[in-house]
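**Student:** need a 3D model of the following:
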Amino acid sequence: MARGAGLITASPASAARGPSGTRLDRPRGRQEDRAITANASTARASVAKSTSWSYAEHFVPESEAMERARARASELGIGATGPGAGSLLRALCAAADARSVVEVGTGAGVSGLWLLGGMPADGVLTTIDVEVEHLRAARQAFAEVGVRSGRIRGITGRASDVLPRLTEGGYDLVLLDADPRGALGYLDRAVRLLRRGGVLAVAGALSHDRAGDPAQRDPATTAVREIAKELRAQEDLLPSLVPSSDGLLLAVRRR
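**Tutor:** Take a look at the predicted model:
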């Protein structure tokens, strides 16, 4: 046998190559190293951002009454305002000394508890929902914390029918916490209910993190974007989008 028989030595020309003909064993270049470093940094930033969001979202803990109301919402198969958005709504009510508040979408009373928590003792919450069962669950939540029945005006019906019957310019804060596809039809009416300096709040403004992705075009997400666009275009409103819970779109009426 000839010396060296059975030993196969790969030359540079015969080294394994990928589909494009690029050598698979070649060392990484500086550009690839920078890309890997950038990807790792992005991943770390994403984790940090998620951690910060969770910290802020649960910074103000919910009361036991809120937890029970949230459990009832789950039993009814309906959503409920998250603690991040809820605590912000409570702070806004307190800052505005809000005595007259309108809520579209009563749910099981979670958002109502947050709103009432920031309103003065003589403040009145007008809450609207198409389902009698939802209003019943909310009243139970309010009764558990000792809210007088006179402070709650529960109205069963469609917001498009109820809002026109309310006093224009007579409310400190209006919360839209219902299907955004319907909200487009009564958005202007909701704004007109606000006094000067009053706040319009739209819950679910990030549409489960789909609103910022142009590829997402489902009806609810499209409606959320249209609401944001409409509020941003009005000269008498000062808008802001806060990423608390599932997003809270705010607009202050200047005049």
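
**Student:** what about residue 154, helix or strand, and which?
**Tutor:** Assigned by DSSP states H and E, residue 154 belongs to strand 152-156.

**Student:** what is the next helix or strand after that strand packed up against?
**Tutor:** Note on strand 152-156: by DSSP H and E, the next helix or strand toward the C-terminus is helix 159-162. Packed against helix 159-162, as judged by 3 or more C-beta pairs under 8 Å, 6 or more residues apart in numbering; DSSP states H and E, are the following elements: helix 180-192. Where you see a C-beta, it was placed from the backbone N, CA and C, and this is true even at glycine.

**Student:** quickly find the element holding residue 238.
**Tutor:** Going by DSSP H and E, residue 238 is part of strand 237-242.

**Student:** between helix 180-192 and that strand, find me the angle.
**Tutor:** 140 degrees (axes from the mean of the first three to the mean of the last three C-alpha atoms, to 10 degrees).

**Student:** pull out the buried positions in strand 237-242.
**Tutor:** 237, 239, 241 (16 or more other C-beta atoms under 10 Å).

**Student:** same for it, what does it pack against?
**Tutor:** Partner elements for strand 237-242 (3+ C-beta pairs under 8 Å, 6+ apart): helix 219-233, strand 248-253.

**Student:** what strands flank it, and is each parallel or antiparallel?
**Tutor:** Sheet pairing of strand 237-242 (DSSP bridges) gives strand 248-253 (antiparallel).

**Student:** what lies in contact with the strand it pairs with?
**Tutor:** 85, 88-89, 92, 191, 194-203, 205, 227-228, 231, 234, 236-242 (C-beta atoms under 8 Å, 6 or more residues apart in numbering).

**Student:** residue 202: what's it in contact with?
**Tutor:** 175, 176, 180, 183, 224, 227, 228, 231, 248, 249, 250.

**Student:** now the strand holding residue 238, how far from the centre of its chain.
**Tutor:** 13 Å (C-alpha atoms, centre = their mean, to the nearest Å).

**Student:** what do you get for stretch 50-58?
**Tutor:** With C-alpha atoms, centre = their mean, you get 13 Å for stretch 50-58.
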